[in-house]
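Chemist: what follows is a predicted protein model with its sequence.
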Amino acid sequence: MDKEFDIQTYMTKGVERVIKDAVRATLKDPKESAFLAKFAIASQKASKKRAKLEKAGEHVPPFLIASITSSCNLHCAGCYSRSNDATSDCEAYDQLSAEEWKRIFEEGRELGVSFILLAGGEPLIRRDIIEEAAKIKDIMFPVFTNGVFINERYFTLFEENRNLIPIMSIEGNREATDSRRGEGIYDRLIANMDKFHKNGQIFGCSVTVTTENIKDVTSGEFLSSLRNRGCKAVIYVEYVPVTDESRHLAIGDEEREYFAGELERLREELDDMMFVAFPGDEKSSGGCIAAGRGFFHINSHGGAEPCPFSPYSDINVKDTSLRDALKSPLFAALQEDGVLADDHKGGCVLFEKRQQVEALAG
């Protein structure tokens, strides 16, 4: 499938672009610029590790998504994690310990992983794991949070460990955010942003893109509000429908073309901010980059999955190494059978073809 497309080169260039954009976005922040200068060197070393393994026949992606807890304090409308029971109100059980996550982070560093996205549930519930991540300075850890648990202790932790980047979830204006996430959440997020800005701390925002908010969340008004409060990165995540009733919220080809144009414009006009889209244009990346091609997912129980939107696993890092998890038969089947490159209706091929993925997982 990848005879004409070099996934290693593509991902390496992608990492270089993210770091370059981050440096540009933080030029006025001496502490952040100093950290990023060191991180750029670490990232180059990581890239060489991945390239060496690639020559030996092992492909290691630069990104890992780690869902470090199945607990969450919110009930966001249309939450894919709750829909597949990855998140619940029950007391968390059979979760990886902080020590086990520490091992995973350290193995990731040795393999050349540059970015580990910490998610949940609500990751800030597991401060013990966040503190372990803070110690791995060669890896950048964007922490995807609803923002409710950010307090003085967390402000201090983020200030002292610049490899931890808080990424707060927001849906647009107050009405849109509170409608999906709960009353008062928008005001809490704004208060957090103002505090981070006052302290000179770097943060970003994640935005779920739907047919209903696509124009609002790419508008000058919305982004100026974030920019003026010091936001340096916006991570756009295309909505994946969890039920047939919510399918109308998933953007189609027309909206995706519009969105791609808006992203190009934003990157040119707001050069002191960084914009990333997920899953982005899969055609330009030779297909979906999940299942170990560009990233993979470890759930809170240790299961290695292709993607958070594709919660199927045939191997667990409790029983094996991160390196061996990348050799998952499921990952290999998805890549070899061409599933990741198949045409599909929506932005997420694995969700669209979930029955086929489930069959491969056995």
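Modeler: Received the coordinates, thanks.
Chemist: what segments of this protein are strands?
Modeler: 63-67, 115-119, 141-145, 164-169, 203-209, 231-238, 274-278, 295-298, 304-305 (DSSP state E).
Chemist: and the shortest one, average pLDDT?
Modeler: Spelled out, it's strand 304-305. The pLDDT scores in strand 304-305 average 96.
Chemist: sorry, back to before: least reliable of the strands of the chain going by mean pLDDT?
Modeler: strand 274-278 (a mean of 86).
Chemist: return that strand as PDB; C-alpha atoms alone will do.
Modeler: Output of strand 274-278 as PDB, limited to C-alpha atoms (Å, rounded to 0.1, in the frame of the first residue of the first chain):
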ATOM      1  CA  MET A 274      -0.700  26.900  15.600                       C
ATOM      2  CA  PHE A 275      -3.600  25.000  14.000                       C
ATOM      3  CA  VAL A 276      -3.800  21.300  13.700                       C
ATOM      4  CA  ALA A 277      -6.700  19.200  12.300                       C
ATOM      5  CA  PHE A 278      -7.600  15.600  13.200                       C
END
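Chemist: which residues sit against that strand?
Modeler: Strand 274-278 has contacts (CB atoms under 8 Å, 6 or more residues apart in numbering) with 18, 21-22, 24-25, 204, 232-238, 259, 263, 266-267. C-beta here means a position set from N, CA and C on the backbone, and glycine is covered the same way.
Chemist: hmm, try it at 6 Å
Modeler: Contact partners of strand 274-278, identified using CB atoms under 6 Å, 6 or more residues apart in numbering, comprise 21-22, 25, 233-237, 263, 266-267.
Chemist: and what of stretch 104-115?
Modeler: With CB under 6 Å, 6+ apart as the criterion, stretch 104-115 contacts 15, 43, 46, 49-50, 60, 62-64, 133, 136, 138-140, 322.
Chemist: swap in 8 Å and give it another go.
Modeler: Taking CB under 8 Å, 6+ apart as the rule, stretch 104-115 contacts 15, 18, 42-43, 45-50, 53, 60-64, 66, 96, 116, 132-133, 136, 138-142, 298, 317, 321-323.
Chemist: can you check stretch 17-28 too?
Modeler: 32-33, 36-37, 39-40, 43, 115, 202, 232-233, 267, 271-276.
Chemist: what about the nearest residue to Leu350 once chain neighbours are set aside, how many neighbours?
Modeler: Closest residue to Leu350 apart from its sequence neighbours, by CB to CB, 6 or more residues apart in numbering: Ser310 at 3.8 Å. Neighbour count of Ser310, defined by other CB atoms under 10 Å: 26.
Chemist: how near is Ser310 to Val276?
Modeler: 20 Å (CB to CB, to the nearest Å).
Chemist: all the helices of the stretch 151-300 of the chain, residue numbers only.
Modeler: 152-160, 174-181, 185-199, 220-228, 253-269 (DSSP state H, counting those that start in this stretch).
Chemist: for the fourth one, buried residues please.
Modeler: Residues 222-223, 225-226 are the ones in helix 220-228 that count as buried (16 or more other CB atoms under 10 Å).
Chemist: run through who's touching it.
Modeler: Applying CB under 8 Å, 6+ apart, the contact partners of helix 220-228 are 170, 172-173, 193, 205, 216, 234, 266, 270, 272-273.
Chemist: give me the buried entries from those residues.
Modeler: Applying 16+ other CB under 10 Å to the contacts of helix 220-228 flags 170, 172-173, 193, 205, 234, 266, 270, 273 as buried.
Chemist: any regions of the protein where pLDDT drops low?
Modeler: Residue ranges of the chain with pLDDT under 70: 1-8, 10-11, 78, 80-92, 242, 280-286, 342-347.
Chemist: follow-up on the earlier one: format the helices of the stretch 151-300 of the chain as JSON lines; extra columns: distance to Cys79.
Modeler: Shown next, in JSON lines, are the helices of the stretch 151-300 of the chain (distance: least, CB to CB, whole Å):
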{"stretch": "helix 152-160", "distance to Cys79": "23"}
{"stretch": "helix 174-181", "distance to Cys79": "9"}
{"stretch": "helix 185-199", "distance to Cys79": "14"}
{"stretch": "helix 220-228", "distance to Cys79": "22"}
{"stretch": "helix 253-269", "distance to Cys79": "21"}
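Chemist: tell me how far the residue nearest the centre of the chain lies from Phe144.
Modeler: The centroid of the chain falls nearest to Leu117 when counting by CA atoms, centre = their mean (4.9 Å). Separation of Leu117 from Phe144 (CB to CB): 6 Å.
Chemist: and Tyr186, by the same measure?
Modeler: Using CB to CB, Tyr186 is found at 17 Å from Phe144.
Chemist: with Ala119 instead?
Modeler: Separation of Ala119 from Phe144 (CB to CB) stands at 5 Å.
Chemist: now do Lys45
Modeler: Separation of Lys45 from Phe144 (CB to CB) stands at 26 Å.
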